[in-house]
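> Have a look at this prediction, sequence included:
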Amino acid sequence: MNDVPILAADRLRKQYGRHDRERSNVFAVDDVSVSLFPKETLALVGESGSGKTTTARMLLWLLRPTSGSINFEGIDLANATRTQMRRYRSSVQAVFQDPSSSLNPRMRIRDIIAEPLAVNGCPRKDIESRVREAIKDVGLDADAIDSFPHEFSGGQRQRIAIARAVVMRPRVIVLDEPVSALDVSIRAQIMNLLQDLQGFLEVSYLLISHDLATVRFLATRLAVMHQGRIVEEGDSETVFNHPRHDYTQALIAAARFVRPNDRALQSS
Amino acid sequence: MAMLAEPPLLEVRDLQTHVFTKRGVGKAVAGASFSLRAGETLGLVGESGSGKSLACFSVLGLNPKPASRIVGGQILFKGDDLVKKSERELRAYRGGRIALVLQDPMTALNPVFTVGNQIREAVRLHQKLSRWAQHRQTVNLLERVHIQNADTDVFAYPHQFSGGMRQRVVSAIALAGKPELLIADEPTTALDVTVQAAYLSLLKEIQAAEGLGIVFVTHDFAVVARICDRVAVMYAGKVVESTSTVELFRAPKHPYTEALLKSVIDVSHRPSRLYSIDGNPPSIFSATKGCSFAPRCIHANAKCHNEAPPTVSTGPRNSVSCWRYVS
Amino acid sequence: MQNIPRLPAIIVAAAIFFAVFADFLVPHSPIDIDLAHAQMPPAVFSRGDWRYPLGTDRLGRDILSRIVVGTRTSLGIAVTAILIGGAIGTALGIIAGYWDGWLGVLIMRTADAFLAFPSLLFALVLAITIGPGFWIVVFVLALALWARFARLIRSEVITIKNRDFVLLARVSGAGNVRIIRWHLLPNIANTLIVLCTLQIGWAIIVEASLTFLGAGVPPPTPTWGGMVAEGLNYIETAWWISVIPGLTIMLVVFSFNLVGDWVRDFLDPQLRNI
């Protein structure tokens, strides 16, 4: 295990509401510290209101923490120079939950996927080939790039969103509920794709989800969040097999799928 | 041995609801048949585009008009064909005899009225009671759905409740008319996993007490296992398999059902690879010759691609639509 | 292009056509005085003459020709005012929406003030002090218009800037300019087009009102409002001098509104398929 995490949150706090209001004691995220190392998948799980999405948004520097710091390759983002910021932006990408709102409906697929390249100074002549490579990486036909998002199904749009995330060959991809909005039979396709991509790109995933079953497939480490705090953290299989905190146990129990015939066996 | 000839509470026969758009006519529900008895819970399982939600809305005549229309089939509620009813006649059924619970409780509730107000409105519509009696009935309904401080909460607004509680309020509204049939369209999908189980238990409890029939639309097999007695699996607008829950999990017959069950990810172990079904469901605008699942079916042969399979009976109330079971 | 309301669309197309090619189309000069043929009724009546299909006014000028040439003035003012007011309003709306905070609040409060603007009064004041004219009217209209654009665009921008695809663009490293250019503008285009189309009717009426009151475009340039004003004294004897331009205003504004409604429905992606 390398010593320096690629992306780390140190004692993050996020508070909503103004200071003078009564409600200023509500912390959406309360003293959260996580680290993401190379070639691993850290899963951040919890239910709605647990603060996992807020944490992810702060790690993506879309939200400023009320206190605490976000460090990329050891550098505090709050004090980063423009060059360091640019390096951070080109190394950390994201895929969000809703494939319909992740893609600009007025842009062609080619331009959507090319955007990170264009923004980060990729030479014009290389953009087209890299876009084609990315679209093929996610299992779609190269001629899809001339179309618009509404011409694709939910699963296909999510693949396009993934293509945009991988085109820069980032070090980290933050996946915020990547399959929750998809049909059951498509979820497996996308999760398998994510596994394949991680294999050949050697990228680290920060996987945020409320669905423990899908998380177990990819996770190497697990952090369980409840009401803004991390209540349990550790190696994924260890936590799944021997959960210590009550809430973790409750989550796993609720996710358990009891087939009717098994129920008959269980009650005996 | 199955129950004696007790007539079904709801029997949908070969329902066809088409969608009319600029792109053409979409056969969103293309011949769906399912039924359930009083006191039974039928799970209507399918993915997006299967037509399950539209089929349910069609039962109550609530399919969006003029964009969609029921073009064929029968919807028999205790023997009466609802397809033939006028809008006025259908209104008598809505709420009072057949109630609906939808997926998102936040949009089902009006944010500017108190919870009690909204329940009382339903009570007033379906029962002749004095104002005081209406209020008492409202509080009773809240207690029935396990809202703790019903006396005070009746004056609260929807935004003051959590998601799970809101869904209970929606259910209370649905029950206000003392319906015989409840259609629930993915009511737990928007709820947290730890809250789902409690809600499902509540539904079961109410069903046992009232003898309510429940049609439960879902894509989640865990929910099916927990609450449904029977299951109808829908694909591309048709019911491809209809069977009891126990039988479905023990021995699924239709290849789509098999594949769906294999796609379910179990939290109890870490798989090395997830089972997925290749391809995508067909567009409702394309007319397929043959079985609609054939392009994705691992067992498909030439006959499957050329001719749509008939629905054959595989048990007293069970059926499947697949050439493998046609002798 | 189905469901386009046929007659209104034809009228709108005709109005645009006339505005551009007016000079070549008119059978008579719109401004030459010809007292010999003064106050002739429209051709369908007994004293009328098919050389002057819609009749003539008190100075013998052919009403049809004046209406056709007047199209250019009316539409010209409307379009110019909308372009100027719209551009300013859109720019300020984007600024207010994208960079929320004290600047946004300042812009919006100013917009609120301008919405309450007594355009008519202001135009009259200007007309008296500086003198009436084409650009005075454009100026006054633009002043009233920009606020409507600013408010609408601001709320659109606020909605769009929080959409996932904008957040993801930021995650990719896109700067504000790029986001505004590629993500905001294309997605507010529909709203903008619809607003423009719907304001044309309003602008025509205000211009007509101003000219009617004497604060608009001065004679001899024919404008519909001016024609209505000139014919007022003759309403009992030669009613057509006022009524025909009045009907024209009503018809053209109504048509633009109907076409504007259709454009809005046409561009709305959610209604697109029905």
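On my side now, so go ahead.

> Which one of the residues in the stretch 51-200 of chain B is closest to chain C?
Using CB to the nearest CB, the single residue of the stretch 51-200 of chain B nearest to chain C is residue B:67, 5.4 Å away. C-beta: built from backbone N, CA, C; applies to glycine.

> Tell me the confidence at that residue?
pLDDT for residue B:67: 87.

> cool, residue A:204 as well?
96.

> List the beta-bridge partners for it.
residue A:172 (DSSP bridges).

> Not counting sequence-adjacent ones, nearest residue to residue A:240?
Distance criterion CB to CB, 6 or more residues apart in numbering or on different chains; nearest residue to residue A:240, sequence neighbours excluded, is residue A:216 at 5.9 Å.

> OK, contacts around the one you found?
Taking CB atoms under 8 Å, 6 or more residues apart in numbering or on different chains, we find residue A:216 in contact with A:236, A:240, B:265, B:267, B:269, B:270.

> For chain C, what is the nearest residue in the stretch 151-300 of chain B?
residue B:285 (10.5 Å).

> Helix, strand, or coil at residue A:93?
For residue A:93, the assignment made with DSSP: H, G, I helix; E, B strand; the rest coil gives strand.

> Roughly how far does it sit from residue A:134?
Per CB to CB, to the nearest Å, residue A:93 is found 11 Å from residue A:134.

> pretty sure the residue of the stretch 51-200 of chain B closest to chain C is in contact with residue B:21, am I right?
Yes: taking contacts as CB atoms under 8 Å, residue B:67 lies within contact range of residue B:21: 7.1 Å.

> which bits of chain B sit near chain C?
B:20, B:21, B:22, B:23, B:67 (CB under 8 Å from any CB of the partner chain).

> all helices for chain B, in order.
Ranges of helices in chain B, per DSSP state H, are B:52-59, B:87-93, B:105-108, B:115-126, B:131-144, B:150-153, B:163-175, B:193-210, B:221-227, B:245-250, B:255-263, B:302-306.

> Would you reformat those helices as CSV and include mean neighbour count?
Output for the helices of chain B, formatted as CSV (neighbours: other CB atoms under 10 Å in any protein chain shown):
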stretch, mean neighbour count
helix B:52-59, 24
helix B:87-93, 13
helix B:105-108, 17
helix B:115-126, 20
helix B:131-144, 17
helix B:150-153, 15
helix B:163-175, 24
helix B:193-210, 17
helix B:221-227, 22
helix B:245-250, 19
helix B:255-263, 21
helix B:302-306, 13
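
> And the residue of the stretch 1-150 of chain A closest to chain C?
Closest point on the stretch 1-150 of chain A to chain C, by CB to the nearest CB, is residue A:89, at 3.5 Å.

> Confirm that residue sits in a helix?
Yes: counting by three-state DSSP, residue A:89 is found in a helix.

> you'd agree it is up against residue C:168?
No: with contact defined as CB under 8 Å, residue A:89 does not count as touching residue C:168 (11.5 Å).

> More neighbours: the two, which one.
residue C:168 (27 against 22; other CB atoms under 10 Å in any protein chain shown).

> Could you double-check that that one lies in contact with residue A:94?
Yes: the criterion here is CB under 8 Å, and residue C:168 meets it with residue A:94 at 6.1 Å.

> so what's residue C:171 closest to, chain neighbours aside?
Using CB to CB, 6+ apart, the closest residue to residue C:171 is residue A:94 (4.9 Å).

> can you pull up the bridge partners for that neighbour?
residue A:174.

> shouldn't it be in contact with residue A:60?
Yes: with contact defined as CB under 8 Å, residue A:94 counts as touching residue A:60 (5.7 Å).

> Settle it for me: which of the two has more neighbours?
residue A:94 (27 against 24).

> check contacts around that one.
Applying CB under 8 Å, 6+ apart, we find residue A:94 in contact with A:56, A:60, A:165, A:173, A:174, A:175, A:176, C:168, C:171.

> For the residue in the stretch 1-150 of chain A positioned nearest to chain B, grab the count of nearby residues.
Here the stretch 1-150 of chain A gets closest to chain B at one residue, residue A:47, 4.1 Å apart by CB to the nearest CB. The number of residues packed near residue A:47 is 20, by other CB under 10 Å.

> Quick check: phi and psi on it?
Backbone geometry at residue A:47, expressed as degrees, to the nearest 10, gives phi -90, psi -170.

> can you pull the contacts of it?
Counting by CB under 8 Å, 6+ apart, residue A:47 has contacts A:210, A:226, A:251, B:192, B:193, B:194.

> can you do 6 Å?
A:210, B:192 (CB atoms under 6 Å, 6 or more residues apart in numbering or on different chains).

> Now the closest residue to chain B within chain A: which helix or strand?
Nearest to chain B, among the residues of chain A, is residue A:188, at 3.5 Å (CB to the nearest CB). Residue A:188 belongs to helix A:184-201 when elements are defined using DSSP states H and E.

> between residue A:93 and residue A:134, who's got more neighbours?
residue A:93 (27 against 24).

> pretty sure that one contacts residue A:171?
No: look at residue A:93 against residue A:171 with CB atoms under 6 Å: they stay out of range, at 9.2 Å.

> now check the helix or strand bottoming out on mean pLDDT in chain B, is it near chain A?
For chain B, counting by mean pLDDT, DSSP states H and E, helix B:105-108 ranks last in confidence among helices and strands (a mean of 86). No: using CB under 6 Å from any CB of the partner chain, helix B:105-108 never reaches chain A; the gap is at least 12.1 Å.

> so how far is that helix from its chain's centroid?
17 Å (CA atoms, centre = their mean, to the nearest Å).

> What of stretch C:143-154?
Distance, centroid of stretch C:143-154 to centroid of chain: 15 Å (CA atoms, centre = their mean).

> any idea of the mean pLDDT in it?
92.

> Grab the CA positions of that stretch and hand them over as CSV.
Extracted as CSV, the C-alpha positions of stretch C:143-154 are listed here (Å, rounded to 0.1, in the frame of the first residue of the first chain):
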residue,chain,number,x,y,z
LEU,C,143,-35.8,50.2,-21.8
ALA,C,144,-39.0,48.4,-20.9
LEU,C,145,-38.0,45.1,-22.5
TRP,C,146,-34.6,44.4,-21.1
ALA,C,147,-36.0,43.8,-17.6
ARG,C,148,-38.3,41.0,-18.8
PHE,C,149,-35.5,39.3,-20.5
ALA,C,150,-33.2,39.7,-17.5
ARG,C,151,-35.7,38.1,-15.1
LEU,C,152,-36.5,35.1,-17.3
ILE,C,153,-33.0,34.4,-18.4
ARG,C,154,-31.7,34.7,-14.8
